[in-house]
Every structure is written in structure tokens, then in C-alpha cells.
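Novice: I'll drop the sequence and a predicted model, then ask my questions.
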Amino acid sequence: MSNQFIRSAVIDWSGVAQDSYLRGIRALRNMERLDFDHNITFFSGENGTGKSTLLEGIAVAYGFNPEGGTWNYRFSTYNDVSELQDAIRLVKGYRKRNSGYFFRAESFFNVATVTNLEYDDGTMPDYHAQSHGESFLHFLQHESREGVYIMDEPEAALSPQRQLTLICHIHQMAIEGSQFLIATHSPILLGMKEAEILQFDETGIHKTVWEETESYQLTKLFLDNRERMLEHLYEGYNEEDGEE
């Protein structure tokens with residue numbers, strides 16, 4: 001038996017309007033059930049493939065605030081939640097979570113400030129003295145309770161070095177029983193060998209390996225052929241603009 005806090009996500013499409021934009025997202029429209037067999041699961045894919053949409057739906061269905069935060073946080077600066085949250089049913093594991101957080105890079109600062117988020121030891125971080133990514137990284141470093149951590153592009157405000165630091169904390173927390181669902185474009189984060197990677201594309205959602213993700217392949221191509229690739233990109237850009 002799986003010991004994940006969230007074992008599966010099931011979409012009941014009868015709860016989604018026929019004219020909903022959700023039905024036009026190719027990676028999602030044929031999804032009925034998605035199982036999570038690892039403590040770390042990455043959602044990988046191009047922009048617009050439904051990664052963040054599904055991640056948000058799962059987070060809200062599990063009880064998180066749409067803008068992020070912990071379970072006991074309820075605050076809204078805008079109403080932009082898709083109807084997917086009402087169509088998702090989660091299959092939960094037998095374990096009771098002790099902690100958790102839904103991280104969204106674009107709203108973490110407001111959420112953390114309004115809720116007076118504090119560390120496990122009772123101390124309060126100075127969010128105005130740190131970047132959004134640094135603030136969340138420090139918060140995670142102080143977390144000692146196992147739980148569910150759902151993250152939407154946590155690399156957005158982190159340098160490559162800080163992404164490596166984040167990897168270490170995710171690794172240790174996963175060993176201790178925490179579960180992570182993470183949407184990311186970072187080839188660094190995707191390189192965690194113990195994680196499962198779910199690729200979102202026009203054919204649907206399927207398991208893949210690090211070397212087959214677009215993030216890895218494009219980054220490697222650029223690093224190995226920087227000058228040729230830049231020349232090709234510049235030429236294509238000028239042609240699109242109608243320049244000689």
C-alpha cells in the first residue's frame with residue numbers, strides 16, 4: 001500500500017463546463033486519474049500545458065488556500081481559481097499530515113507577510129530583507145514536521161546555487177516522510193534521481209526521465225552549442241521582424 005499523503009488525483013469531467021478552457025488543455029483533457037508513487041513528483045512541460053493548473057487544483061482540493069500558504073490561511077487578493085478544483089477528487093493515504101505548505105512564487109511575499117508566518121522554533125523571519133525565494137527557502141529549512149508541500153516553480157527567485165540548497169532540503173524531508181508535488185522548468189531540480197517526473201505535453205501526461213525532459217535537452221543544447229544556437233536564434237528573430 002502506498003504511504004503517500006496524496007495517493008491519486010481523479011478528475012470528474014462531468015463537473016467541468018463543456019465550454020471551459022480546461023477542456024482545451026491537451027495534457028489534461030484525457031486525464032481521469034493520476035497516481036503518485038513517490039515522495040517527490042515533478043510536473044514538467046512547456047508553458048500552457050496545464051502543470052500549474054493541475055497543481056493548483058490539487059492544492060485547493062487538499063485544503064490549501066488558492067494563493068498559497070498553510071491550511072489555516074484564508075486570504076485573497078484576486079479571484080483567479082479554475083473550476084478544476086471542484087472537479088478533482090483526491091485519494092488520500094492513511095497517514096495524518098503534521099504540516100504543509102502551498103508555495104506560489106508570485107504570491108508568497110504577500111501570503112507570508114499577512115499571515116505572520118513563523119518558523120518551527122517560534123522566530124519570525126524578516127521578509128523585507130530577503131527575496132521571495134530566499135524567504136521560502138529559509139522557511140523550509142526550519143520545517144521539521146512531515147507533511148505535504150506543493151510548489152509552483154520554486155526556482156523562480158532562486159539562483160542555481162540556492163536551487164542546489166533546496167534540493168538538499170527536499171531530499172532530507174522526503175526521507176523523513178514528507179511528500180512534494182512540484183511544477184518546475186528547472187533542469188537542476190528535475191535532476192533529483194529519487195524523484196518521479198511527469199511530462200505534460202500535447203499527448204497527455206506520462207512518466208519520463210531527466211534526460212528526456214525538454215528543460216534538460218534545451219539547456220544541454222545551449223551549453224554545448226552556445227554560439228551556433230544564438231546565431232540561429234538571432235537570424236530567426238530578424239526574419240520574423242522582416243529585417244534583412
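Specialist: Nice, thanks for sending it over.

Novice: please make it C-alpha for all contacts and neighbour counts, starting now.
Specialist: Will do.

Novice: how about the strands in the chain?
Specialist: Assigned by DSSP state E, the strands in the chain fall at 6-11, 33-35, 40-45, 88-92, 99-104, 147-152, 179-183, 196-201, 204-208.

Novice: would you format the ones you listed as JSON lines with mean pLDDT and distance to L189 included?
Specialist: JSON lines is the format used below for those (pLDDT from 0 to 100; distance: least, C-alpha to C-alpha, whole Å):
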{"stretch": "strand 6-11", "mean pLDDT": "96", "distance to L189": "21"}
{"stretch": "strand 33-35", "mean pLDDT": "96", "distance to L189": "21"}
{"stretch": "strand 40-45", "mean pLDDT": "97", "distance to L189": "9"}
{"stretch": "strand 88-92", "mean pLDDT": "95", "distance to L189": "25"}
{"stretch": "strand 99-104", "mean pLDDT": "86", "distance to L189": "15"}
{"stretch": "strand 147-152", "mean pLDDT": "93", "distance to L189": "12"}
{"stretch": "strand 179-183", "mean pLDDT": "97", "distance to L189": "9"}
{"stretch": "strand 196-201", "mean pLDDT": "97", "distance to L189": "11"}
{"stretch": "strand 204-208", "mean pLDDT": "96", "distance to L189": "14"}
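
Novice: a markdown table for those strands, including mean neighbour count?
Specialist: A markdown table is the format used below for the strands of the chain (neighbours: other C-alpha atoms under 10 Å):
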| stretch | mean neighbour count |
| --- | --- |
| strand 6-11 | 20 |
| strand 33-35 | 14 |
| strand 40-45 | 24 |
| strand 88-92 | 19 |
| strand 99-104 | 22 |
| strand 147-152 | 23 |
| strand 179-183 | 26 |
| strand 196-201 | 23 |
| strand 204-208 | 16 |
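
Novice: domain ranges for the protein, per the record?
Specialist: The chain breaks down by automatic domain parsing into domains covering 6-210, 213-244.

Novice: which helix or strand in this protein has the lowest average pLDDT?
Specialist: Lowest by mean pLDDT, DSSP states H and E among the helices and strands of the chain is helix 108-115, with a mean of 53.

Novice: how about low-confidence regions in this structure?
Specialist: Counting by pLDDT under 70, the chain shows low-confidence ranges at 1-2, 72-81, 105-133, 144, 239-244.

Novice: going along the chain, name the helices of the chain.
Specialist: Assigned by DSSP state H, the helices in the chain fall at 26-29, 51-61, 84-87, 108-115, 132-141, 160-175, 214-224, 226-240.

Novice: great, nothing more from me.
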